[in-house]
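# Coordinates for the following, if possible.
(2 chains)
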Amino acid sequence: MISMVVLLGVLVLSLLAAVTFGSVEIPIGDVYRLLLQKLYHLIFLHDGAWGDGSLFRTVWYIRLPRLILAIAIGMGLAVCGVVMQAIVKNPLADPYVLGISSGASLGATLAILLGVGAVFGQNFVGVMAFLGAFLVSLAVVGLANIGGRANSVKLLLAGTALSSVCSAFSSFVVYFAHDREGMQTVTYWMMGALGGATWELDGVVLLVVLAGTIFFMTQYRTLNLMLLGDEAAVTLGTDLHRWRQLYLLVSAAMVGFAVYAAGMIGFVGLVIPHVIRMLYGTNHKRLLPLSALTGSIFLLWADVACRTMIPGQELPIGILTSMIGAPCFIYLMARKRYGFGGGA
Amino acid sequence: MELQVKELLARLGGTDILRGVSMQAGSDEFIGIIGPNGSGKSTLLKCIYRVLQPTGGAVYLDGKSLTDYSFRESARRIAVLAQHNYYNFDFSVQEVVLMGRSPHKKPLEGDNAQDLQIVRESLELVGMSAFRERSFSTLSGGEQQRVILARALAQQTPCLVLDEPTNHMDIQYQLQLMDIVKGLKRTVISAVHDLNLAAMYCTRIYVMKAGKVVASGTPEAVLTPTLIREVYEVEAEVFRDRNGLLRILYYPSERGKDSCEEVGNSDLPAGQ
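Sure, this is the predicted structure:
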């Protein structure tokens, strides 16, 4: 409980600190003055239209939406990581494990190289990625249920199989498209970026992520039982079969929206749950909210680092999270003989 | 609490594992199920605790078919201590035992003081109170088994199903676990590997061979050298020790006779 309050405080302070960083030099005092003025107008004068000047626009329309998006996506990925690890009963799972990532990239590849889905408007690449992710998740559930009820292992196998199919088709499209520029766009898209953030986008993603996170927080008992396996869960009064599929679809929606908004951002969903599990144990009652907050804080600062590390240039955030995440993961494994909790 | 199994059939991977098994267990009975490996003991128990769906026949709980109970309802009536309890994730002992309360919980209900009290008492009963904060995965096999027993106790069910609960346990803990279970005053149905344990603790025994019940009754009535030879294909001597407890000794079948004579010459109490 205390940890949760502390992390929430850290998140708010991080947001306030992070908003002062950026490629455009704006004095810290000015940033807060602009924000306070805007909030004052929003709350007391009901005058959302206030605000002018390039400094204000930078803070209110570029920096803040981007940071809010980082918070939402960090939270979503960390929560889905926790849930996926429970669904497949394997601590090495991440939000993208059950075919979601390759489904998303197939969707994006089709959109970028062949213009499929252009009817969806400006962000049709994101929409196609979302559709790809979601449809593949549905297919994974369907495939895993053929010839008997799905269990963790069958889900994992179905996910792996469909991932291969999707990557094969992506490569096929890339190879025959003969579109150097398009290929570059695909590659760039796969690295993840928060640059597309707007308040409208934030609203949608934040809503989906918060709703999903709150839903999963109410499900901690079933998530705990998932780790004990189907048999033990039945003797404790819960048939996991339906829950597993429901959770998978809710996560697919959450990850799908994250992919839609920012492409693929790796390692957050794998490393954050592990760090929290090491520090606070496996009980999902604590694991879920703590992972959600830590994921948010992590991605918020990762975004700051991306924007400021190389002057005048922005690093794709997916590269950074993998560069930080992978060594962290290795360090954690080596240091504590952390046998993923048990079996060590 | 009345449990009835009627003409149960189970087919796994094309093989008939259970071929018409019937049995019953009344209140406060300690039912032992014995039989060689592969005779269908575990399969029978799995049908009773609903992990396996029988292909024929049915299990009745207080006169109502088990399939008419929701999983939550049946988990409030039958608790299970299964053979394998290995988890790849780290829970504390207390968290594991607290999961025993889940069938009593409504979807959004939290754990209250009463649940924690029940968990404390259950751990007390199995002698694991000192391990409350320990990580489950760091315990020895026998300790883990006692924690899982505590979890089953926390379910507060009138019936307890045990599947060879004392496997891999030291003798001291085998006896301790059986003593705890015996002292519960609940209906117990247990697969037992060790015939001496079965003789000591069970009120009634069902003997299984090749998917069928071949004998049933009190330990005295069932555990005879003839039956043991028939079912396990070993020679055995059954006698009462100086405390009046039923004891069974085994001999390899081809050397059965000689060995028996040797024993006869020693000053062990003679068989009846």
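
# measure residue A:112 to residue A:126 for me?
Residue A:112 sits 11 Å away from residue A:126 when distances are taken as C-beta to C-beta, to the nearest Å. Every C-beta, even on glycine, is put in place using the N, C-alpha and C of the backbone.

# now do residue B:203
68 Å.

# The two: who's more crowded?
Under the criterion of other C-beta atoms under 10 Å in any protein chain shown, the comparison of residue B:203 against residue A:126 puts residue A:126 first, with 26 against 15.

# So residue B:247: helix, strand or coil?
On the three-state scheme (DSSP: H, G, I helix; E, B strand; the rest coil), residue B:247 is labelled strand.

# what residues are up against residue B:9?
The contact partners of residue B:9, by C-beta atoms under 8 Å, 6 or more residues apart in numbering or on different chains, come to B:16, B:18, B:19, B:20, B:54, B:55, B:56, B:57.

# nearest spatial neighbour of it, skipping sequence neighbours?
residue B:56 (3.3 Å; C-beta to C-beta, 6 or more residues apart in numbering or on different chains).

# pretty sure that neighbour contacts residue B:6?
No: applying C-beta atoms under 8 Å, one finds residue B:56 not in contact with residue B:6, separated by 9.8 Å.

# Let me see the contact set for the residue nearest to residue B:9.
So residue B:56 contacts B:7, B:8, B:9 (C-beta under 8 Å, 6+ apart).

# Just name the closest of those to chain A, please.
Nearest to chain A among the contacts of residue B:56, counting by C-beta to the nearest C-beta, is residue B:8 at 17.6 Å.

# number of nearby residues for that closest one?
Residues near residue B:8, counting by other C-beta under 10 Å, number 25.

# tell me which element it is part of?
strand B:3-12 (DSSP states H and E).

# Extract the CA atoms of that strand and return them as CSV.
Once non-C-alpha atoms are left out, strand B:3-12 reads as follows in CSV (Å, rounded to 0.1, in the frame of the first residue of the first chain):
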residue,chain,number,x,y,z
LEU,B,3,-20.2,-39.3,-1.5
GLN,B,4,-21.2,-42.0,-3.9
VAL,B,5,-19.5,-43.2,-7.0
LYS,B,6,-21.6,-45.3,-9.4
GLU,B,7,-20.3,-47.4,-12.2
LEU,B,8,-17.6,-44.9,-13.2
LEU,B,9,-15.9,-45.4,-16.6
ALA,B,10,-12.9,-43.5,-17.7
ARG,B,11,-11.0,-43.8,-21.0
LEU,B,12,-7.7,-42.0,-21.5
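
# That strand pairs with which strands?
Using DSSP bridges, strand B:3-12 pairs in its sheet with strand B:15-25 (antiparallel), strand B:56-61 (antiparallel).

# which parts of that strand are buried?
B:3, B:4, B:5, B:8, B:9, B:10 (16 or more other C-beta atoms under 10 Å in any protein chain shown).

# quick one: average confidence on it?
Strand B:3-12 comes out with an average pLDDT of 94.

# again, but for stretch B:239-248
On average, stretch B:239-248 scores 92.

# how much distance is there from it to the middle of the chain?
For stretch B:239-248, the separation from the chain centroid amounts to 22 Å (computed by C-alpha atoms, centre = their mean, to the nearest Å).

# Same question for stretch A:138-155.
With C-alpha atoms, centre = their mean, you get 24 Å for stretch A:138-155.

# what does it rub up against?
Outside stretch A:138-155, the residues that touch it by C-beta under 8 Å, 6+ apart are A:87-90, A:98-99, A:157-159, A:161-162, A:230, A:241, A:244-245, A:248-249, A:252.

# Write out the residues of chain B neighbouring chain A.
Applying C-beta under 8 Å from any C-beta of the partner chain, we find that chain B lies next to chain A at B:49-51, B:70-76, B:78-80, B:82, B:85-92, B:95, B:99-100, B:102-103, B:105, B:107-108, B:135-137, B:155.

# Tell me the buried residues within those residues.
Buried, going by 16+ other C-beta under 10 Å: B:49-51, B:71-72, B:74-76, B:78-80, B:82, B:85, B:87-92, B:95, B:99-100, B:102-103, B:135-137, B:155, out of those.

# Now intersect these with the helices, please.
Here DSSP state H is the test, and those give B:71, B:72, B:74, B:75, B:95 as lying in helices.

# Can I get these in CSV including pLDDT and distance to residue A:147?
Shown next, in CSV, are these (pLDDT from 0 to 100; distance: C-beta to C-beta, whole Å):
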residue, pLDDT, distance to residue A:147
B:71, 94, 23
B:72, 94, 28
B:74, 94, 27
B:75, 95, 28
B:95, 94, 35
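
# Could you identify the pair within these that is furthest apart?
B:74 and B:95 (23.1 Å; C-beta to C-beta).

# the strands in the stretch 51-200 of chain B, which residues?
Secondary structure of the stretch 51-200 of chain B (DSSP state E, counting those that start in this stretch): strands at B:56-61, B:64-65, B:78-81, B:159-163, B:187-191.

# Let me know which of these is tucked in deepest.
Most buried of these, by mean neighbour count (mean count of other C-beta atoms under 10 Å in any protein chain shown): strand B:78-81, with a mean of 26.

# tell me the contacts of the residue nearest in space to the middle of chain B?
Taking C-alpha atoms, centre = their mean as the criterion, residue B:190 is the residue nearest the geometric centre of chain B, at 2.2 Å. Residue B:190 makes contact with B:30, B:31, B:32, B:33, B:161, B:162, B:163, B:164, B:165, B:181, B:202 under the criterion C-beta under 8 Å, 6+ apart.
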